[in-house]
Each structure stands twice: as structure tokens, then as C-alpha cells.
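K.L.:
Build me a structure from this.
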Amino acid sequence: MKYERHTKGKNEAGVAGVGEYVATMRRAMSDSSYSLPEASLRLSFDDDLLKKSQTVANKLSGPKLSYILDIGIGGSNLGAKALYEAMAGTLDAHTPFAPKMLFADTCAPELLADITEILLSEIIEKEEIIIIVASKSGTTTETIMNASVLVTALEQKLGPLADRIVCITDENSALWKTGEKQGYNLLPVPRMVGGRFSVFSPAGMFPLLCSGVEAEEIFRGAQAVIYQTIDQGVESDAFRAAQDIVAWHDKGVVAYDFFVFHPELESVGKWYRQLFAESIGKATTNDGTPTTHRMIPTVSIGSTDLHSVEQMHLAQPHISARFLVRAHAPHWEHQFSAKDTVFAPLVPGVVGRAPCDVTDAIYKGVVTTYENKEVSFGEIVLNDLDPESLGSLLQFMMCTVMHLANLLHINAFDQPNVELYKDATRKILGGK
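P.N.:
Next up is the predicted model:
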């Protein structure tokens, strides 16, 4: 993976103080106690934590396993969903491979009804399913509600499922203690690692291990980015991307779009949106003064959204910036080409072309247009959509956000405002 910047002029934002922050990142990478806010940088190097997930996955996986039910929301399951969809594709329900993952990530009755119908109609033995209940706090309202509904429905057909349930949470949280009492399998998320940074913890890796993905390949990509970020400092891709965001903001940019040219990466875009919004969307700086930056993360899919929102972006090119994300190696081998005599001739230049040729032309057309319209953008170029490339992409964005928060003098790792709706919800439900 590499980042290609298109920001004109020399950018010196934050260069003077980056050395100290890089030293902090280096300490976090090596700190097995997870004591620093940047503790997530340790995850891809933590063999002991990975072995815990592998041990449980090996115990529960088997030839009968058909479904992995991942019950969580936000950082507790969005990373796993992003990586799963990127590797399995958006139409995994129509493919013959198993096991498949189902994600219960909100309290929508229709979603719960659909998941229940699928599982009850297709599962006969409990060895065909693994149920994951992921909540870092252990008391996430949506997750606990969904777990109650879905586990109850499954146990009515399959009997007790304690040995098929895996709780992923902070050690000694309410969910952890309940899991101990009920005999569930337990996996920890290090306390200092926030949900949006937890994709390389058991919250993200355990579901993938159960589906047969090799976590070591994902970690190899993540490690390469961390080493580059630390060793190259101000010349690293992550720091230069953070610099570009600051430069774009100084020009008046408000929206920061993650523009992926693979439909498989839509959930990666949503993962980015959470990472950016919860880390950068702060009301005060570290010294308590009001912040002045206004940054809104968005997600677009190429080329689909060129036909939906691009008019707005190009009509007002100075209010939004784009990260163009594309793997320049084809994801799937295919033999498709436009060679019929009815449709292909309708567009000049299409006859005899493969879909990837058209996508290449569209992508180059977007880059040319952005350069001509002076749209602020950078390119994130992936080798492929393989596990190593995906690991590097996610780690790159996490390192970029850490550097960006440091440049803006804000805390990337807290989320005080999210608790407001949670407190209000508990009061409405009659809790404390």
C-alpha cells in the first residue's frame, strides 16, 4: 500500500513536534501492558492475544460450521464486518462457501426476524453455529437486546448453547462476569484499546479466524505500516496524509470523503467514518479551549456515487476532499468482455473491452477532473484486496487519524458526547 499525495506546495504543518509523538507511538507498539492511549499499535504484534483467539476458534470451528453470528455494534463488530465483506464480496449469501457471517448490529425488528428465519430454517445442530456477543463495555444496550432475542430463539430449537457462545469484552465487565457464570467462552479486549481502534483485537480477528482467514497475513500488512510510520516520521504516508487533511481544512474543506472503487469496501468506508468521526469530532482541545476545526467524514462508492453525489462535489469543489481508494490488481479472475452486437456499440470505445478497462478509464477520468477542478484529494493505492493489503489499509487510516489528532491538539481516544444518548436511553428504559 502507498499514499500518493496531490496537495500542492510544501506543507510544514506539525513537523516540529512530530518526533515526540512518533516516540510515543514506538513505545505503544512495544508496550505489552497496553498502558498508553495509542495501545492499539501493539495489537498486531501481540502473539499471546492472537493465540487466545486461535485456541477458541480451533475449538469451536469444524466441518459442520455453517454460520458465525456476530452480535455487536460500532467498533465491536464494524471492523470484522469491513474485513469480511472486503474478502468475501458483497454477494456472499449467493456463494457456496461456508461458514458465512451474519451481523446483528442494531435493534431493527426486521433484521432480527430475518436473521432468526435464516438460522432456524438452515441450522439443525448447534455445531453449525458460533455466536459472538461483542461489547467492550459489556453493557451496550443494542447488543444486549439482540443477544437476548437471538440466543433465546436459537436455544428454543437447539437447546443450551453456552459452549457455542463467545463473549468479547473488557475483562471483569458485566458481560465478562455473566459469561463466567454461564460457562461461555471469553476473549478480552485490552482496556486501553477503544472500540474504533480494536479491529486487530479479538473483536475483529476472532470472527475472521472462525471463517478460516489467516490473521497473520492481516497483521503483516498492519505491521509494515506501523514500522513505516515510526521509522520514516514526517516522511511516512500516514503523517503526510494527516498533513494533507490539515492543509485541505485550511483551504475551507469541510467534508472528507473515503471514495472506494470497489463495492466490497463499502463497510471499510463505514469503519473509516466511525474512526474519523469519534476520534476527530471533539468540542475542546487538550487544554480545554474550544476547537476550531470542522471535519465531517463521508463514504462514497465508485463508480456508483459518481451518478448520485458527484454533481454536488464538483459544483462546490472547495468544500470537500477525497481519499480515492483502489486496488490496481484485479480482485477476481474473469473472462468478461463487451462483445455483443446490441448493447456494446451504444457507447463508443466499449466494444471488446473488459469491465476492468472501463473502471480504469473512469478512475483516470475522475483523477483528471479533480486536477482540473482543483479538488483536494489523495490516492490510497492497494496492491490487491488480499488480507495483507487490507491490514495495511486499516492500520494506515488509524495511524493517520492519530497523527491528525496530534496536529489538532485533541484527544483521539475519548468519546464523551456518545455517552449522552446512552444515558438518556437508560433513563427512558427505566435503568440507572
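K.L.:
Check whether Val253 sits in a helix, strand or coil.
P.N.:
Reduced to three states with DSSP: H, G, I helix; E, B strand; the rest coil, the structure at Val253 is coil.
K.L.:
surely it meets Ala321?
P.N.:
Yes: the pair Val253 and Ala321 qualifies as a contact (CB atoms under 8 Å) at a distance of 4.6 Å. In short, each C-beta sits where N, CA and C put it, glycine included.
K.L.:
of those two, who's got more company?
P.N.:
Ala321 (27 against 23; other CB atoms under 10 Å).
K.L.:
Can you work out which residues contact both of Val253 and Ala321?
P.N.:
Ser376 (CB atoms under 8 Å, 6 or more residues apart in numbering).
K.L.:
At which residues are the strands of this structure located?
P.N.:
Using DSSP state E, the strands of the chain run over 2-5, 67-71, 100-104, 129-134, 165-169, 185-188, 255-260, 296-301, 320-327, 376-382.
K.L.:
Adding mean pLDDT and distance to Ala224, write these out as a markdown table.
P.N.:
Formatted as a markdown table, these follow (pLDDT from 0 to 100; distance: least, CB to CB, whole Å):
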| stretch | mean pLDDT | distance to Ala224 |
| --- | --- | --- |
| strand 2-5 | 95 | 11 |
| strand 67-71 | 97 | 27 |
| strand 100-104 | 95 | 26 |
| strand 129-134 | 98 | 27 |
| strand 165-169 | 98 | 26 |
| strand 185-188 | 98 | 26 |
| strand 255-260 | 98 | 21 |
| strand 296-301 | 97 | 25 |
| strand 320-327 | 96 | 16 |
| strand 376-382 | 97 | 13 |
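K.L.:
Can you lay out the ones you listed as TSV showing distance to Lys81?
P.N.:
Shown next, in TSV, are the strands of the chain (distance: least, CB to CB, whole Å):
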stretch	distance to Lys81
strand 2-5	24
strand 67-71	7
strand 100-104	5
strand 129-134	11
strand 165-169	14
strand 185-188	17
strand 255-260	15
strand 296-301	14
strand 320-327	17
strand 376-382	19
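K.L.:
The ones you listed: which one's closest to Phe276?
P.N.:
Ranking the strands of the chain by proximity to Phe276 (CB to CB) places strand 296-301 first, at 3.8 Å.
K.L.:
next one: that closest one to chain centre, how far?
P.N.:
For strand 296-301, the separation from the chain centroid amounts to 13 Å (computed by CA atoms, centre = their mean, to the nearest Å).
K.L.:
got it, and stretch 346-354?
P.N.:
The answer for stretch 346-354 is 36 Å, by CA atoms, centre = their mean.
K.L.:
ok, now stretch 143-151?
P.N.:
On CA atoms, centre = their mean, the centre of stretch 143-151 falls 23 Å from the chain's centre.
K.L.:
Now do the same contact list for Ser389.
P.N.:
Counted by CB under 8 Å, 6+ apart, Ser389 has contacts Met1, Gly221, Ala327, Leu382, Asn383.
K.L.:
out of the residues you listed, which are buried?
P.N.:
Met1, Gly221, Ala327, Leu382 (16 or more other CB atoms under 10 Å).
K.L.:
where in the stretch 151-300 of the chain is pLDDT low?
P.N.:
In the predicted model, the stretch 151-300 of the chain carries no residue with pLDDT under 70.
K.L.:
Run a quick check on Asp244 versus Ile380, I expect a contact.
P.N.:
No: taking contacts as CB under 8 Å, Asp244 lies outside contact range of Ile380: 11.5 Å.
K.L.:
From the geometric centre of the chain, which residue sits farthest away?
P.N.:
Thr341 (42.4 Å; CA atoms, centre = their mean).
K.L.:
Dihedrals phi and psi, it?
P.N.:
Thr341 adopts backbone torsions of phi -110, psi 10, taken as degrees, to the nearest 10.
K.L.:
In CSV, list the buried ones among the contacts of Ser389 along with distance to Thr291.
P.N.:
Putting these into CSV (distance: CB to CB, whole Å) gives the following:
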residue, distance to Thr291
Met1, 30
Gly221, 32
Ala327, 35
Leu382, 32
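K.L.:
which two from these end up farthest apart in space?
P.N.:
Gly221 and Ala327 (12.5 Å).
K.L.:
Can you name the residues that contact Ala255?
P.N.:
Ala255 neighbours (CB under 8 Å, 6+ apart): Ile296, Pro297, Thr298, Ile319, Ser320, Ala321.
K.L.:
Tabulate those residues in a markdown table, adding columns for distance to Asp237.
P.N.:
Below are the contacts of Ala255 laid out as a markdown table (distance: CB to CB, whole Å):
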| residue | distance to Asp237 |
| --- | --- |
| Ile296 | 23 |
| Pro297 | 19 |
| Thr298 | 22 |
| Ile319 | 25 |
| Ser320 | 22 |
| Ala321 | 16 |
